[in-house]
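A.B. asks: Need a 3D model of the sequence below.
(2 chains)
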Amino acid sequence: MLILLVLAGAGIFFKQFQYDAERLDITLAVAQTSPQPDADDQINLVSLLPAGFAAMTQRENFGRDNLYVKINGKADLYLQSGFVELLCRRFVSDEDQKLWAEIFLYDMGSARNAFAVYSTQRRANAVQLPLTKFSYKAESAVFFTTAKYYVEIIAADESEKLNDAVLTVAKNIAKLPQKHEDSIGELKFFPEKGLIPGSFKLHLTSAFGFEGLDDTFSAKYRLGEETVTAFLSKRHSLKEANKVADDYFQFMIDNGAVITSAVNDKLAGKVLDFYDSTEIILVSGNFILGVHEAYDRLSAEKVAIMLKQKVTEVAAIDRAR
Amino acid sequence: MTEQGNENFPRRAFLARAAKAGACVSGACAAAYLLYDSKGPVPASKKQQLVTLPDFSVPAEPGRSMCIATGPDRKQTFNKAIDSLGGIERFVKTGDTVLIKPNVAFATPPMLGATANPQLVAQVARLCYSRGNAKRVIVTDNSINDPASCFQLSGIGTAARQAGAEILLPKPTLFAHTTLSGGELIRNWPILYGPFEKVDKVIGITPVKDHHRSGASMTMKNWYGLLGGRRNIFHQNINTIIAELAMMVRPTFVVLDGTQVMMTNGPTGGSVSDLRRTNTIIVSTDQVAADSFGATLLDLTPSDLPYLRKAQAGGAGTTDYKSLKPVIAEVAG
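C.D. replies: Reported below is the predicted structural model:
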């Protein structure tokens, strides 16, 4: 009995040093990377590496609560765009430790969200790749979307060998069978003539600084020497489209825009002069569309007319189906 | 009638055993009473004493507070800038222990410009030893995701060690709680305080970067790396926290590296395409002034960054960097 008592006492003595810090609200000074539970379709990145390359570090997973640990101040961009989970892994050449790269596989929940973060970060000197519908190469890195994923593969060196390995991994990821849809319906409403390839952008919130203009696509057009940004946002109803258009119009007026008349008679919409740039706002069915900050009035009106015409045509085809 | 067992257990023996058992129980009760802690363990945040970072600044000298030096080579440009302000000897004295706080926020390669340039960090450390006769140079940052990897892959760990500096990785025992006097956000919050104990001088080194949340990440934002805890909550009040950090840390001087500026997709970047070469290094004893000029390298104005105005209002420096009459220097390429 006495031995039991001694053992129990010893147990209590040692146990007191192993209390639950969380229950006592003790703040840990250094945040730890907490692995997230695996997603159903977690991708085995190591199996996608080319010959001569191997995993350099363990797989890292980040969820909504700790994404900032990995990308700090850029986390908000992803969190506001439907981010679900990030899977990262570095890989390295068997022969040269300087030749390493890191894969960032962002599960954005949908192709639409993936496209939003892809398009808002697209580099100016991007070279389009034939990997997926939305993919490009910039210096030392490859960026693309595939289904619900936004993927970045970033190299630590600009050598050809590493560059080739990065492209191989990108191709292997792009080839993976996906359960989720890869299409974004609104893009077909943009006319193809004059469209600058790769210029599509999805503003999930506050397009052009206006809070009410969410879920808005934009694209750039080249007309001669001029570049014009067209935009389009599908709303739930004609009534809502009109409301958003009115609110955006008022927002522009409040910020110094002045109403002006269209040069082209065919243009039935609101035309504003905003500090020597042209803003055009139209409504067509459930869509609000127009031109943003164009520096040539005639080109702006031409693009606005083309856009409205295309929206009308495609919407009619959709209705006929 | 005789009860069974009485023959083997006499009354005297029974009383002796009962007395011993009673003494054991009484002793256990007394011990339990004496050892009992009615309050239980106190949460660390309440138990710890608040600390305050000392002021590491040196006496001001008119016309020698800030230098804007241009040149393609970081080492030479920094040398020129620091010499224009009186040389490293003005700031670092014989026997000093110097703490360098570079931006080591990410485990990314140096060519992406998301972290301080390793060669620049090494050069500052080297000068502290060679001309400042420093006794010891320490390099630290609270890179929250795997600090060892951040120091290794950014190249800063190796470069700093080769220059004779010591790398101090963050660990829980190095953190202490602080409250900024008049602060709104820095209240009883853990900071990486340990490395600041027993140091004489503090130097911040950071690249000029675009920042998704704050507009720009420069010398004041660099102190964000001193915060512990779940510091991401401050992203909701990014301008206030940056201003408060500038009020909290009074460095000896800061080095703002605009040799290559991250113009887009900051603060992580991801491609060399995000960088623009501007060949400029700012050395300043006034971090607000340094960042105000740094804003121009990002095609911004100081008024585009609300934290600059807040920091000025808090007494951390001036946004009117021209009023400091900065030394303009150039190193030929």
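
A.B. asks: SS state for the most centrally placed residue in chain A?
C.D. replies: Geometric centre of chain A, nearest residue: residue A:117, 1.2 Å, by C-alpha atoms, centre = their mean. Following DSSP: H, G, I helix; E, B strand; the rest coil, residue A:117 is assigned to helix.

A.B. asks: unless I'm mixing things up, it is touching residue A:149, no?
C.D. replies: No. Taking contacts as C-beta atoms under 8 Å, residue A:117 lies outside contact range of residue A:149: 10.5 Å. All C-beta atoms are positioned from the backbone trio N, CA, C, and that covers glycine.

A.B. asks: Now for the two: what residues contact both?
C.D. replies: Common neighbours of residue A:117 and residue A:149, counting by C-beta atoms under 8 Å, 6 or more residues apart in numbering or on different chains, are A:106, A:108.

A.B. asks: Run through the residues of the stretch 201-333 of chain B sitting next to chain A.
C.D. replies: For the stretch 201-333 of chain B, the contact set with chain A under C-beta under 8 Å from any C-beta of the partner chain comprises B:211-214, B:217, B:228-230, B:232, B:235, B:238, B:264-268, B:270-274.

A.B. asks: all helices for the stretch 1-150 of chain B, in order.
C.D. replies: In the stretch 1-150 of chain B, the helices defined using DSSP state H, counting those that start in this stretch lie at B:11-35, B:44-47, B:74-84, B:88-91, B:118-130, B:147-153.

A.B. asks: what about residue B:332, how many residues close to it?
C.D. replies: 8 (other C-beta atoms under 10 Å in any protein chain shown).

A.B. asks: Kindly report the same for residue A:208.
C.D. replies: When neighbours are counted by other C-beta under 10 Å, residue A:208 registers 16.

A.B. asks: Tell me if I'm right that it and residue A:290 touch.
C.D. replies: No. The pair residue A:208 / residue A:290 is not scored as a contact, 10.0 Å apart, by C-beta under 8 Å.

A.B. asks: Give the residues shared as contacts by the two.
C.D. replies: The contact sets of residue A:208 and residue A:290 overlap at residue A:231 (C-beta under 8 Å, 6+ apart).

A.B. asks: who touches stretch A:204-220?
C.D. replies: With C-beta under 8 Å, 6+ apart as the test, stretch A:204-220 has contacts from A:80-82, A:113, A:116, A:186-187, A:190, A:195-196, A:199-203, A:227-234, A:244, A:247-248, A:251, A:288, A:292-293.

A.B. asks: again, only this time at 6 Å
C.D. replies: Stretch A:204-220 has contacts (C-beta atoms under 6 Å, 6 or more residues apart in numbering or on different chains) with A:81, A:116, A:186, A:190, A:195-196, A:199-203, A:227, A:229-233, A:244, A:247-248, A:251, A:292.

A.B. asks: now the end-to-end length of stretch B:212-230.
C.D. replies: Stretch B:212-230 has an end-to-end distance of 19 Å (C-alpha to C-alpha, to the nearest Å).

A.B. asks: Next: stretch A:56-75.
C.D. replies: Between the opening and closing residues of stretch A:56-75 lies a distance of 24 Å (C-alpha to C-alpha).

A.B. asks: Now do the buried residues in that stretch.
C.D. replies: Using 16 or more other C-beta atoms under 10 Å in any protein chain shown as the test for burial, stretch A:56-75 gives A:56-57, A:59-62, A:66-75.

A.B. asks: From those, pick the one nearest residue B:317.
C.D. replies: The closest of these to residue B:317 turns out to be residue A:73 (C-beta to C-beta; 22.2 Å).

A.B. asks: Weed out the non-buried ones from the contacts of stretch A:204-220.
C.D. replies: Of the members of the contacts of stretch A:204-220, the ones counted as buried by neighbours, 16+ other C-beta under 10 Å, are A:81, A:116, A:186, A:190, A:195, A:199-203, A:227, A:229-233, A:244, A:248, A:251, A:292.

A.B. asks: which SSE is residue B:210 in?
C.D. replies: Assessed by DSSP states H and E, residue B:210 sits inside strand B:201-211.

A.B. asks: mind checking how far residue B:256 is from residue B:204?
C.D. replies: Remark: distance between residue B:256 and residue B:204 (C-beta to C-beta, to the nearest Å) = 9 Å.

A.B. asks: so what's in contact with these two at the same time?
C.D. replies: residue B:219.

A.B. asks: what about the strands in the stretch 151-300 of chain A?
C.D. replies: A:201-203, A:216-223, A:226-234, A:258-260, A:270-274, A:277-284, A:287-294 (DSSP state E, counting those that start in this stretch).

A.B. asks: between the ones you listed, which gets nearest to residue B:188?
C.D. replies: Across the strands of the stretch 151-300 of chain A, the minimum distance to residue B:188, taken as C-beta to C-beta, is reached by strand A:201-203, at 39.3 Å.

A.B. asks: That closest one and chain B, are they touching?
C.D. replies: No. If you take C-beta under 6 Å from any C-beta of the partner chain as the test, strand A:201-203 misses chain B, and the best it gets is 13.5 Å.

A.B. asks: Who are the packing partners of that strand?
C.D. replies: Other elements packing on strand A:201-203 under the criterion 3 or more C-beta pairs under 6 Å, 6 or more residues apart in numbering or on different chains; DSSP states H and E are helix A:111-120, strand A:216-223.

A.B. asks: If you count contacts, what does the top helix by length along chain A end up packed against?
C.D. replies: Secondary structure of chain A per DSSP state H: the longest helix is helix A:297-320. Applying 3+ C-beta pairs under 6 Å, 6+ apart, we find helix A:297-320 packed against strand A:226-234, strand A:277-284, strand A:287-294.

A.B. asks: neighbouring contacts of the first one?
C.D. replies: Under the contact criterion C-beta under 6 Å, 6+ apart, strand A:226-234 has outside partners A:186, A:189, A:215-221, A:286-292, A:294, A:296, A:299-300, A:303, A:307.

A.B. asks: Just the C-alpha atoms of it, please, in PDB.
C.D. replies: Only the C-alpha atoms of strand A:226-234 are listed here, as PDB (Å, rounded to 0.1, in the frame of the first residue of the first chain):
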ATOM      1  CA  GLU A 226      -4.400  52.700 -77.700                       C
ATOM      2  CA  THR A 227      -5.100  50.200 -74.900                       C
ATOM      3  CA  VAL A 228      -8.600  50.100 -73.500                       C
ATOM      4  CA  THR A 229      -9.800  48.200 -70.400                       C
ATOM      5  CA  ALA A 230     -13.300  46.600 -70.800                       C
ATOM      6  CA  PHE A 231     -15.200  45.200 -67.800                       C
ATOM      7  CA  LEU A 232     -18.200  43.000 -67.300                       C
ATOM      8  CA  SER A 233     -20.100  41.700 -64.200                       C
ATOM      9  CA  LYS A 234     -23.000  39.300 -64.300                       C
END
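
A.B. asks: Checking my notes, residue B:242 in a helix, right?
C.D. replies: Yes. Applying three-state DSSP, one finds residue B:242 inside a helix.

A.B. asks: Go ahead and confirm it touches residue B:222.
C.D. replies: No. Contact criterion C-beta atoms under 6 Å: residue B:242 and residue B:222 do not qualify, at 9.6 Å.

A.B. asks: Break chain B into its domains for me.
C.D. replies: Split into domains by automatic domain parsing, chain B comes to B:8-40, B:44-330.

A.B. asks: what would the ones you listed look like in JSON lines with distance to residue A:271, mean neighbour count and mean pLDDT?
C.D. replies: Listed next are these as JSON lines, based on distance: least, C-beta to C-beta, whole Å; neighbours: other C-beta atoms under 10 Å in any protein chain shown; pLDDT from 0 to 100:
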{"stretch": "domain B:8-40", "distance to residue A:271": "71", "mean neighbour count": "9", "mean pLDDT": "77"}
{"stretch": "domain B:44-330", "distance to residue A:271": "29", "mean neighbour count": "21", "mean pLDDT": "96"}
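
A.B. asks: Tell me which of those domains lies nearest to residue A:158.
C.D. replies: Closest to residue A:158 of the domains of chain B is domain B:44-330 (C-beta to C-beta; 7.5 Å).

A.B. asks: Let me know the pLDDT of the residue nearest to the centre of chain A.
C.D. replies: On pLDDT, residue A:117 comes in at 97.
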